[in-house]
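Visitor: when you get a sec, could you give me coordinates for this:
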Amino acid sequence: MDLSNRNVIHIKKGDTEFLQFRKLLEYKDVINHAYSLGTKLNFRTSTINKEKLPEQEYEAAIKSYKKICSSINCNYINLVKTNQEHTNCVKIVEKKIKTAEPDFNLEKYYKTDGLITNKKNIILSTTNADCILLLFFDPVKKVIANTHSGWKGTIQRIAVKTVEKMIKEFECNPKDIICCICPSIRKCHFEVEKDVKDMFENEFKDLENLNNIIEEKIPNAKWNIDTVLINEMILEKQGLKKENIIDSGICSVCNSDLIHSYRVEKKGYGLNTALISLNWDKRDRSYLSHELSRKMSKNEADKKWDK
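Guide: Alright, predicted model coming up:
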């Protein structure tokens, strides 16, 4: 099955499959990104209760990350991953903490559902199994963000929190920011009961056509909610241009043969990942410094080996 459409390209490299957004590919010299496909890959690095995984499962996650990173020519060691708990907490990534392995399961990123950086060669990672993942990029300020917005995060407007932090910390102009919406559960399958429906109605009274966003399916019992449209609308109200909000248009439940879905897999469900990073610019000093440091390290290693 090929999931390509007018907004995304379905790419296959060997036994690894992933999606890339056509809009972000316009900036492929500046950023790198991917959304994983295939239920044989699993990006879970801790238990649902944030406890340590059995070694075999953790190694399987590392192998999955190595595969997807290798497919987009990134070094998996440069990964920084959220420890998502359906919050509206968004943090700035200033640098990698660990030097020889990815920044997984760090206390610093506990209860964090969004990451922002302007540092090159850091790969921001979020995971989902129906929830919305949002990839942000400001091509003017060269700032990226990766945000997990489940239904709880959507109610807490974490997408808006991400943009607000990009503006405050990096002086981004919302009119320059691109936001890409990865595959997630869609209105066709996101069915809720009255308690959750009421939460959405109370929070999003300011949105137009709320009756179309929250649609009654079974009288006084079940409702379907378009959380993707809600995120699009609140981002537009925050100042993003409509043409810069790019939706993959892909439902995780409808395509559960290629995308992990909690509602399909239930207990023991797997996780997909979305990745985004700023590439080294070979013309700038940080790249030259990095290359010089890398070559010096290699020379030192060679000398040590020769001894």
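Visitor: could you use CA atoms for every contact and neighbour count after this?
Guide: Fine.
Visitor: wait, residue 148 sits on residue 134?
Guide: Yes. Between residue 148 and residue 134 there is a contact under C-alpha atoms under 8 Å: 6.5 Å.
Visitor: of those two, give the one with the bigger neighbour count.
Guide: Shown here are residue 148 and residue 134; by other C-alpha atoms under 10 Å, residue 148 has more neighbours (31 against 25).
Visitor: can you name the residues in contact with stretch 196-209?
Guide: Residues outside stretch 196-209 that contact it (C-alpha atoms under 8 Å, 6 or more residues apart in numbering): 155, 210, 214, 223, 225, 233.
Visitor: all the helices of the stretch 151-300 of the chain, residue numbers only.
Guide: For the stretch 151-300 of the chain, the helices defined by DSSP state H, counting those that start in this stretch occupy 151-155, 158-170, 194-203, 210-213, 227-237, 262-265, 285-306.
Visitor: ok, of these, where does mean pLDDT dip lowest?
Guide: Ranked by mean pLDDT, these end with helix 285-306 at the bottom, a mean of 46.
Visitor: I'd like to know how many residues surround the closest residue to residue 245 other than its chain neighbours.
Guide: Distance criterion C-alpha to C-alpha, 6 or more residues apart in numbering; nearest residue to residue 245, sequence neighbours excluded, is residue 179 at 4.9 Å. Using other C-alpha under 10 Å, residue 179 has 28 other residues around it.
Visitor: and for residue 55?
Guide: For residue 55, using other C-alpha under 10 Å, the count is 10.
Visitor: can you check the one 5 residues further on too?
Guide: By the other C-alpha under 10 Å criterion, the neighbourhood of residue 60 contains 17 residues.
Visitor: pretty sure it contacts residue 42?
Guide: Yes. Contact status for residue 60 versus residue 42: in contact at 7.2 Å, counting by C-alpha under 8 Å.
Visitor: quick check on residue 68: phi, psi?
Guide: phi -70, psi -40 (degrees, to the nearest 10).
Visitor: quick one, what contacts it?
Guide: Taking C-alpha under 8 Å, 6+ apart, we find residue 68 in contact with 16-18, 34, 36.
Visitor: what strand or helix carries residue 19?
Guide: Using DSSP states H and E, residue 19 sits in strand 16-21.
Visitor: which strands and helices lie in contact with that strand?
Guide: The contact analysis (3 or more C-alpha pairs under 8 Å, 6 or more residues apart in numbering; DSSP states H and E) places strand 16-21 against strand 8-13, strand 31-37, helix 55-71.
Visitor: so for residue 280, which of those sits nearest?
Guide: Proximity to residue 280 (C-alpha to C-alpha) singles out strand 31-37 among the helices and strands packed on strand 16-21, at 8.8 Å.
Visitor: what ranges does the stretch 1-150 of the chain have for its strands?
Guide: For the stretch 1-150 of the chain, the strands defined by DSSP state E, counting those that start in this stretch occupy 8-13, 16-21, 31-37, 79-81, 90-92, 114-117, 123-128, 132-138, 143-149.
Visitor: can I get the ones you listed in JSON lines with distance to residue 259 and mean pLDDT?
Guide: Formatted as JSON lines, the strands of the stretch 1-150 of the chain follow (distance: least, C-alpha to C-alpha, whole Å; pLDDT from 0 to 100):
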{"stretch": "strand 8-13", "distance to residue 259": "12", "mean pLDDT": "98"}
{"stretch": "strand 16-21", "distance to residue 259": "10", "mean pLDDT": "98"}
{"stretch": "strand 31-37", "distance to residue 259": "6", "mean pLDDT": "98"}
{"stretch": "strand 79-81", "distance to residue 259": "19", "mean pLDDT": "98"}
{"stretch": "strand 90-92", "distance to residue 259": "25", "mean pLDDT": "98"}
{"stretch": "strand 114-117", "distance to residue 259": "21", "mean pLDDT": "98"}
{"stretch": "strand 123-128", "distance to residue 259": "9", "mean pLDDT": "98"}
{"stretch": "strand 132-138", "distance to residue 259": "13", "mean pLDDT": "98"}
{"stretch": "strand 143-149", "distance to residue 259": "16", "mean pLDDT": "98"}
